[in-house]
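Undergrad: Predicted model and sequence below, questions to follow.
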Amino acid sequence: MINHTKRKSSQREYLSRWTTDFICLGYRRKRNRRFSFEYKEVDKIVVNPNQFVLETNTNNNSLLLGKQFKKRQKRFRLYEDIPSPAYKSTYFTPNLNYNAYDGLLLGMVFTMALF
């Protein structure tokens, strides 16, 4: 079963397709499902945009088709935050430590992911 919804925002038109073939507890015989679009009319394909299905890595749910290099925009944040699939985030945290031999140690910790 596939439901189609079409809505317009102020600048773009969105087409949403919902299918129940993928969401099931058991396996069905039809494992492959193919959708076809006009390549010139589609800018971005997003799987599970409203986070209805729980998953640990939501960064691989979108594909940009309009750009030649399909890279996400980079973002630098102080301390860790909830990751966004729209950005490739780098988090940095100041590190302060002390020991008797070296004295005061200052540094930075850089991480790419929350977990």
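TA: Looks like it came in fine.
Undergrad: Point out where the chain drops to low pLDDT.
TA: Within the chain, the stretches with pLDDT under 70 are 1-35, 37-39, 66-71, 113-115.
Undergrad: tell me the contacts of residue 112?
TA: Taking C-beta atoms under 8 Å, 6 or more residues apart in numbering, we find residue 112 in contact with 89, 90, 91. Every C-beta, even on glycine, is put in place using the N, C-alpha and C of the backbone.
Undergrad: count of neighbours near residue 89?
TA: Here the count is done by other C-beta atoms under 10 Å, and residue 89 has 21 residues near it.
Undergrad: how close does it sit to residue 58?
TA: If you measure residue 89 against residue 58 using C-beta to C-beta, to the nearest Å, the figure is 12 Å.
Undergrad: for residue 88, same thing?
TA: In terms of C-beta to C-beta, residue 88 sits 13 Å off from residue 58.
Undergrad: again with residue 85
TA: Using C-beta to C-beta, one gets 5 Å for the distance from residue 85 to residue 58.
Undergrad: List the beta-bridge partners for residue 78.
TA: According to DSSP bridges, the partner residues bridging residue 78 are residue 92.
Undergrad: What count of nearby residues applies to it?
TA: Taking other C-beta under 10 Å as the criterion, the count of residues near residue 78 is 9.
Undergrad: Residue 81 now?
TA: Residues within reach of residue 81, counting by other C-beta under 10 Å, total 11.
Undergrad: quick one: it and residue 89 touch, right?
TA: Yes: checked against C-beta atoms under 8 Å, the pair residue 81 and residue 89 is within contact range at 7.1 Å.
Undergrad: could you pull out the strands for this structure?
TA: For the chain, strands defined by DSSP state E occupy the ranges 2-8, 13-19, 44-46, 62-64, 73-78, 87-99, 103-111.
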